Structures are given as C-alpha cells and as structure tokens.
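# Could you work out the structure for the sequence below:
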Amino acid sequence: MSKFIGQKCQSCKEELDLEAVVVVCPECGAPYHKECFSHEEKCVYEEQHGDENCFSSEAGTLDVQICGNCGKQNGRSDDVCVFCGKQLKQFREEANILKKEAAKFSSSYPSYLPDDENKGAIEAFIGSNAEYYENAFRGKYRFNFAAFFSPISFFFYRKMYAVGLLFAAGLFAIFYSFFNQVAPLYVFLVRRGFVDFSYSATLNFIFQSGNQVLIDELTRISKFFVFSLFIVLAMNFLAGFLANNIYKRHVLNGVRKCKAIYAEHFEKVLPIVGGTSFLSAVGALLVFLLLFWFILFGLF
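Model (predicted):
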C-alpha cells in the first residue's frame with residue numbers, strides 16, 4: 001500500500017503511513033484506515049457517488065474505479081485492472097464483506113460515541129465515577145475490582161438488575177450445594193453429642209474415632225469444598241473481566257432508549273434511568289444473606 005503514503009484517510013483526515021492497513025472504496029477510490037472504515041460502515045462520499053462532490057472527481061473523472069492493489073484508475077465497467085492485472089471485482093467484494101462485518105459488529109457491540117453531545121449524555125447516565133468508566137469503555141481498564149470482590153452489589157449498584165440476579169442465583173446455588181453436603185455430617189455429630197464444632201476439634205474427633213465412613217465423608221466434603229471455592233473464584237473473576245463491557249452496553253443502550261422515548265427532554269431523564277443505587281446494592285446483598293440464612297436453618 002505504499003502508493004497511499006502521504007494521502008489522507010477520508011474519515012479521520014490523518015495521513016496514511018507504511019504501517020496503516022488501507023481500505024479503498026470500490027466506487028470512488030477514497031482511501032481509509034481499516035479501523036476508520038469499519039467505524040463509518042460506509043464511504044463518507046456514498047451519497048455523492050457519481051456527482052461532482054465525490055472523491056473520484058478530485059482525480060479528474062467521475063466514471064472511474066480505483067484498483068485496490070496498485071491504486072491506479074480504471075474504467076467503471078472494467079473487471080480487471082489494466083495496469084497490474086488484478087481482479088477489480090475481488091476488491092469490491094472484499095469491501096462489501098467488510099461493510100457487512102462492520103454493520104454486524106456495530107449492531108451487537110455499539111461503539112463508544114466520542115462526540116460532545118453523546119459524551120455529555122453518557123457522563124450524565126453513568127453519574128458517579130464517570131471518568132473511570134469513560135476510560136474503561138475505551139479499553140484502558142479491562143478488569144473491574146469492585147465487580148470481582150462483590151458482583152451482586154456491583155451490578156445492583158449500577159442498576160444492571162438482570163445480571164445481578166444471574167450472579168446471585170449462581171452463587172446461591174454453589175453455597176447451597178456445599179452446605180447441603182455438610183448437613184448430614186453435622187446432624188450425625190450432633191446426635192453423637194459432639195458440640196465443639198471448631199475445625200481442628202472436628203478433625204481430631206473424626207480421625208480418632210477410627211470410623212472409616214466418617215473419614216470418607218469428611219474427605220468427600222473437603223474435596224467438594226475446594227471445588228466450590230474454585231467455582232466461586234471463577235465466577236468472581238468472570239464478573240471482574242466482563243463488568244466494564246457489560247456496563248458499556250448497558251450505558252449505550254440506556255442513552256439510546258432515553259433519546260428515543262423522551263426526545264428533547266431525555267437529558268433530564270438520564271440521571272434517573274442511569275446513575276447508581278446504593279439502596280439496591282445493600283438491599284440485594286441483605287436479601288441474599290437472609291434467604292441463605294433461612295435455608296441453612298432448614299438444612300441444619
């Protein structure tokens with residue numbers, strides 16, 4: 001792509017260098033950085049293709065197509081470049097594929113909106129700690145420690161209730177399964193009159209009893225405990241790694257919905273629909289602990 005050195009990307013207007021991956025519009029030959037073309041999803045001259053304002057008019061003709069291999073002009077009806085012999089159809093198909101991939105990516109993962117209007121809307125929606133999350137949305141921070149240490153509280157605090165309930169259900173299932181395994185051994189020890197349930201005393205009692213069934217049960221429970229601990233840590237790490245991306249989608253979708261529903265009054269609604277909720281975070285954690293506490297009473 002050395003023939004494009006010195007030319008400007010028609011999206012960001014920065015000069016193309018040797019390291020740039022260049023994409024050329026098959027209709028008018030306008031060059032772009034690959035990332036810029038993916039972001040725009042179309043040629044910036046799309047509406048002017050064929051008229052005097054089109055990029056190709058700067059090359060001296062409107063009825064041309066630019067070869068993506070050698071960068072030289074060919075007739076619009078040519079299928080093969082008359083200069084290098086490369087198939088022009090191939091470059092048109094590659095550009096169309098890139099357009100489709102960019103559109104698919106954009107619909108699934110909306111890009112960060114950098115203009116001043118949307119920047120202000122995003123900050124209003126985020127509320128507290130907006131600067132951190134703006135940097136996180138750009139990829140500067142990829143791990144969220146708040147979500148790692150307490151995923152339930154984090155997601156409810158940021159009003160992502162569905163995700164918070166999902167993690168709460170997963171953690172509850174793990175804790176419940178573990179204590180459901182411990183309960184039979186606990187009941188057996190109580191019936192034997194053993195009331196000192198410190199960890200070391202329990203181990204001494206079981207191993208000194210010489211009861212192989214008890215020893216096997218303790219071994220099984222210990223293995224299940226390690227497995228449960230591993231799953232909990234894995235879920236917490238997953239929350240830490242995914243939290244910023246999940247929150248990014250939550251914020252962008254929230255801003256778009258507010259704009260679509262409330263039109264010119266949407267700015268007043270952003271802090272209400274978005275923002276944070278300390279009461280939701282504390283309430284969700286308390287409900288989780290209370291529910292778990294009542295379940296333990298039922299087991300033991």
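
# Could you grab the helix/strand/coil label for the residue lying closest to residue 127 once chain neighbours are set aside?
Nearest non-adjacent residue to residue 127, counting by Cβ to Cβ, 6 or more residues apart in numbering: residue 275, 3.8 Å away. All C-beta atoms are positioned from the backbone trio N, CA, C, and that covers glycine. Local secondary structure at residue 275 is given as coil here, using DSSP: H, G, I helix; E, B strand; the rest coil.

# Need the three-state assignment for residue 42.
Per three-state DSSP, the local secondary structure of residue 42 is coil.

# Count the residues that sit near it.
12 (other Cβ atoms under 10 Å).

# Ramachandran coordinates for it?
Backbone torsions of residue 42, given as degrees, to the nearest 10, read phi -160, psi 170.

# before we move on, back to that, next one: phi and psi at the residue nearest to residue 127?
Dihedral angles for residue 275 - degrees, to the nearest 10 - are phi 70, psi -150.

# Now do the contacts for it.
By Cβ atoms under 8 Å, 6 or more residues apart in numbering, residue 275 lies in contact with 125-128, 159.

# As JSON lines, the residues you listed with pLDDT would be great.
Written out in JSON lines, the entries for those read as follows (pLDDT from 0 to 100):
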{"residue": "125", "pLDDT": "91"}
{"residue": "126", "pLDDT": "92"}
{"residue": "127", "pLDDT": "89"}
{"residue": "128", "pLDDT": "87"}
{"residue": "159", "pLDDT": "93"}
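
# And those residues, which of them are buried?
By neighbour count, with 16 or more other Cβ atoms under 10 Å, these hold 125-127, 159 as buried.

# tell me which strands and helices whichever helix or strand residue 156 is part of is in contact with?
Residue 156 is located in helix 151-157, with elements delineated by DSSP states H and E. Counting contacts by 3 or more Cβ pairs under 8 Å, 6 or more residues apart in numbering; DSSP states H and E, helix 151-157 packs against helix 145-149, helix 161-191, helix 212-262, helix 278-299.

# Please spell out which residues along the last one are buried.
Spelled out, that is helix 278-299. Neighbour count says helix 278-299 has 280-281, 284-285, 288 buried, by 16+ other Cβ under 10 Å.

# How much space separates residue 272 from residue 119?
With distances defined as Cβ to Cβ, to the nearest Å, the gap from residue 272 to residue 119 amounts to 19 Å.

# So these two - more neighbours on which side?
Summary of the neighbour comparison: residue 272 and residue 119, criterion other Cβ under 10 Å, with residue 119 having more neighbours (14 against 9).
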